[in-house]
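Asker: my questions concern the predicted model and sequence given below.
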Amino acid sequence: GINAEYMGRIMYERGHHFSTPSEKETLREVKESKCYVAEDYKAELDKFEQDKSGNEISYELPDGKSISIGSERFRAPEILFQPELISLEADPLHDLIYKSAMACDIDSRKTLFANVVLTGGNTMFQGLSERLQTNLTNLAPTGLFGSVKVIAPPERKYSTWIGASMISALPSFQKSWISRDIYEEEGVHSIHKRFFNCVV
């Protein structure tokens, strides 16, 4: 994903190259195990500028060599909150959530802001739920929408798969299946016909 690509780019600036498939897997492991979201990005940058070596950590690569990782640990995930850091014209994560809730019926907004549930691999960054909580609270003041609550279940990395497996196990879901034979014969049109009631 974008986070891994950016992590690779800023690690390259330090002289660490991750280009082969196995090296990219190592980079993914570094990102997932060592990166975090800063509560205050500018303050964290300033802290690292004042004492670069004191704030670095060591990571042992599969070949036994060690590399030092510093501000890259929080710079890579920061693009979720500041996509402009990589010249990406996109809304930050908290804005996307806010706009999605605001696009819903006014009566449901309070419930939505009180139940922001995180799922997926990038939500595993340490500090992400707290930063998101702060940013969303600043966008959606308590007086207007009640309190904002960001929920980060421990199994969130696999929540989508868990939910899908539960739904697919329901007997009522079987009528929604499309057999391989039908899909190979009709292609994507079989999905449009069955679920969108249209002919393409």
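Answerer: Cool, the structure landed.

Asker: quick one: pLDDT of Asp63?
Answerer: Model confidence at Asp63, given as pLDDT, is 91.

Asker: tell me, what residue is most central in this structure?
Answerer: Nearest to the geometric centre of the chain sits Asn122, at 3.1 Å (Cα atoms, centre = their mean).

Asker: before we move on, what SS does it have?
Answerer: Three-state assignment for Asn122 (DSSP: H, G, I helix; E, B strand; the rest coil): helix.

Asker: Ser87: how many residues sit nearby?
Answerer: Ser87 has 6 neighbouring residues, counting by other Cβ atoms under 10 Å. For the C-beta atoms, the positions are set from N, CA and C on the backbone; glycine is no exception.

Asker: quick one on the thing from earlier: residues in contact with the residue nearest to the centre of the chain?
Answerer: Applying Cβ atoms under 8 Å, 6 or more residues apart in numbering to Asn122 gives the contacts Gly1, Asn3, Pro77, Leu80, Leu128.

Asker: type out the PyMOL command that picks the buried ones from the residues you listed.
Answerer: Remark: buried members of those, expressed as a PyMOL selection using 16 or more other Cβ atoms under 10 Å:
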select buried, resi 3+77+80+128
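
Asker: if Ile69 is in a bridge, with which residues?
Answerer: Ile69 forms beta bridges with Ile57, as assigned by DSSP bridges.

Asker: my guess is it contacts Ser33. True?
Answerer: No. In this structure, Ile69 is not within contact of Ser33 by Cβ atoms under 8 Å, at 10.4 Å.

Asker: of those two, who's got more company?
Answerer: The residue with more neighbours, out of Ile69 and Ser33, is Ile69; 20 against 10, by other Cβ under 10 Å.

Asker: quick revisit: what's the lowest-pLDDT member of the contacts of Asn122?
Answerer: Least confident by pLDDT among the contacts of Asn122: that is Gly1, with 72.
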